[in-house]
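**Q** below is the sequence, then the predicted model.
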Amino acid sequence: YASSLAAAGEDALGAVASLTRNDRPEVRSLAVAVLAQLPVDSSVSLLEQLLYDSDRDVRESSALTLAFLDDPRAEIALVNALHDDDPAGAAAAASGLGRIATGSAQIALAVALERHERPTVRAQAVESLAESLFAVGDLATGHAAGEGPDEQAEPVSALVGALDDTALFEGELTTERQVAAAAGFVASSTTLPVDFEGQKPSGRRVADVAAGALRDLSGEDVATVMELSRSEQAKLADALRGPIEARRRASSPGD
């Protein structure tokens, strides 16, 4: 059925739209799979709506599909959702933006990390921003539209700035869920021991996620620090930027 709808192209848009409103999340997930094969003009608006779905798997698959459409309109849809007050849709958008290899996606994540009111969204922005640093050719620099240079949204600086974010959030982040699911599948399919951390503890701090991300990115020992002045943040970001870039280039020999 899904392949038939995809083959029908824009003529099937009405049927696919109906699937997105189905009560069953597995059917709505099927709609996402079909939308991924339709022209961008037809799919972006429906995928953007599904970022706010009640089911997390549907939200995240919609965000991932938008990310892989490789179209500016899809990135704009994710950025718009990232700045929304709805934490579920914003977190899903953050997970998608982490897979887009553009400096503008990095800057959007950095702005959300600094300014979004919900700690769940900020924590997801940390994970996604850290992932994007290895996908983008060079570390992005920039600032939010309409803001002065003191409001720069440079990725490494944004991650360092989150080291004093003591707000708590619940649950696993997107990549954490994916790794746990994959490890669980392997464990159920083999008698060999599988080493993975499993479900993350509840009530984690955004700062702890940021410290872990910076350690993974740089290979340096980065501690969670509750209070850093602006000048101390800038100094630490400068110290980490070189190791991060060196590790990124080592992982991408073609650069």
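**A** Sure, I can see it. Residues are numbered from 1 along each chain as shown.
**Q** from here on, contacts and neighbour counts on C-alpha atoms
**A** Will do.
**Q** residues near the nearest residue to E227 once chain neighbours are set aside, how many?
**A** Counting by CA to CA, 6 or more residues apart in numbering, E227 lies nearest to D164, which is 5.8 Å off, once chain neighbours are set aside. Residues within reach of D164, counting by other CA atoms under 10 Å, total 19.
**Q** please name the residues that touch D164.
**A** 207, 224-228 (CA atoms under 8 Å, 6 or more residues apart in numbering).
**Q** among the residues you listed, name the ones in helices.
**A** Within those, residues falling in helices by DSSP state H are A207.
**Q** show me just the buried residues among the contacts of D164.
**A** Buried by 16 or more other CA atoms under 10 Å: 207, 224-225, out of those.
**Q** would you list the residues you listed in CSV and tack on distance to G96?
**A** CSV is the format used below for the buried ones among the contacts of D164 (distance: CA to CA, whole Å):
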residue, distance to G96
A207, 21
T224, 26
V225, 28
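**Q** rewinding a little: among the contacts of D164, name the least confidently predicted one.
**A** Within these, M226 has the lowest pLDDT, namely 73.
**Q** ok, the residue nearest to that one when sequence neighbours are not counted to A246 distance?
**A** Spatial nearest neighbour of M226, excluding adjacent residues (CA to CA, 6+ apart): D164 at 4.3 Å. From D164 across to A246, the span is 26 Å (CA to CA, to the nearest Å).
**Q** next one: E131
**A** Using CA to CA, E131 is found at 15 Å from A246.
**Q** same check, this time on A17
**A** 46 Å.
**Q** those two - which one has more neighbours?
**A** Neighbour count, other CA under 10 Å: between A17 and A246, A17 has more, with 16 against 13.
**Q** please work out which residues outside the helix or strand that contains T120 touch it.
**A** Assessed by DSSP states H and E, T120 sits inside helix 119-132. Here helix 119-132 makes contact (CA under 8 Å, 6+ apart) with 87-88, 90-91, 94-101, 106, 109-110, 112-114, 116, 155, 159, 167-170, 173-175, 206, 209-210, 213-214, 217.
**Q** now the element after that helix, going C-ward?
**A** Toward the C-terminus, helix 119-132 is succeeded by helix 155-161 as the next helix or strand (DSSP H and E).
**Q** whichever helix or strand comes after that following helix pairs with which strands?
**A** Per DSSP H and E, the first helix or strand lying C-terminal to helix 155-161 is strand 168-169. Note on strand 168-169: by DSSP bridges, its sheet partners are strand 204-205 (antiparallel).
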